[in-house]
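Colleague: Need a 3D model of the sequence below.
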Amino acid sequence: SCLEKTGGQMSLRQMRQEHNDLCKISEEGSREVREALKELSGLKDDEELEDSESKDDTASAMYPEAENVEIQTGPA
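Modeller: This is a model prediction of the structure:
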């Protein structure tokens, strides 16, 4: 980081600029999360199930050899 490179010395102007940049990133990220949550809350339970089932069907069609694959968890 800049503070590590400069030994803790930083101009007020640069500090304000970085603060503004971080605020902008935070606001944009928060907006995207709120939009996604709003979209998810608008889905009905049936739509959610249909979407997940259609994704499973698509994956099965693309990778039929993966139907009987056993996934192991933990150390081998």
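
Colleague: Sketch out the low-pLDDT regions of the chain for me.
Modeller: Across the chain, the ranges flagged by pLDDT under 70 are 1-2, 44-76.

Colleague: The same query, at a cut-off of 80, please.
Modeller: 1-4, 43-76 (pLDDT under 80).

Colleague: Compute the distance between residue 13 and residue 39, please.
Modeller: 39 Å (CB to CB, to the nearest Å). Heads up, the C-betas are built off the backbone N, CA and C, glycines and all.

Colleague: next one: residue 29
Modeller: Taking CB to CB as the criterion, residue 29 is separated from residue 39 by 16 Å.

Colleague: Residue 5 now?
Modeller: Going from residue 5 to residue 39 by CB to CB gives 41 Å.

Colleague: Identify each buried residue in the helix or strand containing residue 32, please.
Modeller: Assigning secondary structure by DSSP states H and E places residue 32 in helix 12-42. Judged by neighbour count (16 or more other CB atoms under 10 Å), helix 12-42 contains no buried residues.

Colleague: Offset the numbering so it begins at 20, please.
Modeller: Sure thing, new numbering starts at 20, so read that last one as helix 31-61.

Colleague: Can you tell me which helices and strands that helix packs against?
Modeller: Contact partners of helix 31-61 among helices and strands, from 3 or more CB pairs under 8 Å, 6 or more residues apart in numbering; DSSP states H and E: none.
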